[in-house]
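**Q** sequence isn't available, so here's the structure alone:
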């Protein structure tokens, strides 16, 4: 809850405000205050106020222009609300805006109280946490402002993700908004968006706790009424739903449950987003949703390798794996089998490529195990090159490409990762094959250090060495001629 504020107060409006031992600029500096700090006024002398900071537990003299006196009576509430509204959307003024919001909550009468201040303080706290998590920020000033807002009961969580520190607001005020009967649809949507962020889920969350949290996120977003929202908020909510349903899809597939309905819901929500409504500010939320839905897109045909042994014959559809593409004959007189079996450890699945030509004993050509989800529906043979590609998803928002290929009469399994520089999330998918050059066409999309990047590649099949790379497929000649029809129809990379 917000810190109770007493009378005869002033709010510091500038950073690095020096509290001195005497009312002179040359006097000893006792401590430094920051925007949003609250001080008690205990006297006035010339250009200085005699103040006491309860946060710093120090008293001294502060110049008049560094502070603004505030009243906490009911008559002062409209003025405090007006200042908070002004500061609400100004980047860098979050601590000051939260301070004025706390003063307003103290001054306003219960009968005049609405959800506006709770919503505004929550949004400013969320933005301050994002600033603290960003790169290139001034660590000293951000840390000081986090200390300032903590005196009002605004709490933050911090944890490490991929070697970087992430700071997140704990969302207490947003939960309060959801309990207010007079909260508007827009305010409820802001609260739901703040409480369902994927980047504020701690990496060491247990699988059971994560599954429960995903269900909670889904329920929060389902209660948002789309019809009463602004276009930008409506598209943000739909993008967030797509991301959450993608997480639910992955969890269901990992437990061997039917995941197609959840995946189809994720696609439906993503399709309903209008990217133009999001402007530049929220385009990253749309890109994140696209990336997460792309990672689970093969779940829409519900062909997952899990549980008992499953075989997919190259050249024949398998009833047990509906949606697996008709595998092409890699050998003139027969076919190959992809077989999945449980591994030696719980949750592990092993994939075996076998020679299943008639009148020959089955021969294991290649074998590889994983704890990820093997999307059998993605299996695609490349008969011109004696190769096979398959998508495997080890993490919720991370999908790799396995390449089975023959070199000097020996079959190998190589894994192509979405990125090499420890991206936060990403996927790589097969886009076609250029037979004249024996190159496979790939598309990769990753999130690295809060930035999204997508590019198209031509890779030599023999050694998987990059030959060409471009930001758009039309810049690569082979993409225009040899891209896979099914890929072009279903991919989200061409959005």
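**A** Structure received. The structure presented is a predicted model; accordingly, all values stated were derived computationally and were not measured.

**Q** and residue 258, what pLDDT?
**A** Residue 258 carries a pLDDT score of 91 in this model.

**Q** tell me how far it lies from residue 200.
**A** 29 Å (CB to CB, to the nearest Å). From N, CA and C alone the C-beta is placed, and that goes for glycine too.

**Q** what's the answer for residue 39, then?
**A** Distance of residue 39 to residue 200, given as CB to CB: 32 Å.

**Q** more neighbours, those two?
**A** Neighbours were counted for residue 39 and for residue 200 using other CB atoms under 10 Å; residue 39 has more, 27 against 21.

**Q** quick check: beta-bridge partners of that one?
**A** In this entry, residue 39 is beta-bridged to residue 10, by DSSP bridges.

**Q** strands of the stretch 51-200 of the chain, start to end?
**A** Ranges of strands in the stretch 51-200 of the chain, per DSSP state E, counting those that start in this stretch, are 58-63, 67-70, 156-161, 164-169.

**Q** list the contacts for residue 430?
**A** 378, 380, 389, 391, 401, 440, 441, 442, 484, 487 (CB atoms under 8 Å, 6 or more residues apart in numbering).

**Q** just the pLDDT for it.
**A** pLDDT for residue 430: 97.

**Q** secondary structure element for it?
**A** Assessed by DSSP states H and E, residue 430 sits inside strand 425-434.

**Q** same question for residue 494.
**A** Remark: residue 494 resides in no helix or strand, with elements defined by DSSP H and E.

**Q** tell me, how many residues neighbour it?
**A** Around residue 494 there are 15 residues (other CB under 10 Å).

**Q** so what's it closest to, chain neighbours aside?
**A** Leaving aside its sequence neighbours, residue 494 sits nearest to residue 488 (CB to CB, 6 or more residues apart in numbering; 6.9 Å).

**Q** does that neighbour fall in a helix, a strand, or a coil region?
**A** Secondary structure, DSSP: H, G, I helix; E, B strand; the rest coil: residue 488 is helix.

**Q** cool, residue 360 as well?
**A** Following three-state DSSP, the label given to residue 360 is coil.

**Q** for it, report the pLDDT, please.
**A** 70.

**Q** ok, now how distant is it from residue 409?
**A** Noted for residue 360: a distance of 16 Å to residue 409, by CB to CB.

**Q** those two - which one has more neighbours?
**A** Set residue 360 next to residue 409 and count neighbours by other CB under 10 Å: residue 360 wins out with 11 against 6.

**Q** what lies in contact with stretch 74-89?
**A** Here stretch 74-89 has contacts from 70, 93, 96-97, 100-101, 103-104, 107-109, 112, 116-117, 120-121, 123-124, using CB under 8 Å, 6+ apart.

**Q** in helices, which of these fall?
**A** 96-97, 100-101, 103-104, 107, 116-117, 120-121, 123-124 (DSSP state H).

**Q** farthest pair within those?
**A** The span of these, defined through CB to CB, is set by 107 and 123 at 20.5 Å.

**Q** the helices in the stretch 101-250 of the chain, which residues?
**A** 116-133, 139-150, 172-179, 185-195, 207-222, 231-254 (DSSP state H, counting those that start in this stretch).

**Q** what residues of the shortest one count as buried?
**A** Looking back up the chat, that one is helix 172-179. For helix 172-179, the neighbour count (16 or more other CB atoms under 10 Å) marks 172, 173, 174, 176, 177, 178 as buried.

**Q** cool, stretch 218-237 as well?
**A** For stretch 218-237, using 16+ other CB under 10 Å, the buried residues are 218, 220, 221, 224, 229, 233, 234, 235, 236, 237.

**Q** now, which of the residues you listed sits nearest residue 455?
**A** Residue 455 lies nearest to residue 235 out of those, by CB to CB, at 25.5 Å.

**Q** any idea how far residue 91 is from that closest one?
**A** Counting by CB to CB, the gap from residue 235 to residue 91 is 22 Å.

**Q** quick check: residue 75 vs residue 109, distance?
**A** If you measure residue 75 against residue 109 using CB to CB, the figure is 10 Å.

**Q** which regions of the stretch 351-495 of the chain lie under the pLDDT threshold?
**A** With pLDDT under 70 as the threshold, the stretch 351-495 of the chain has low-confidence stretches at 359, 421-423.
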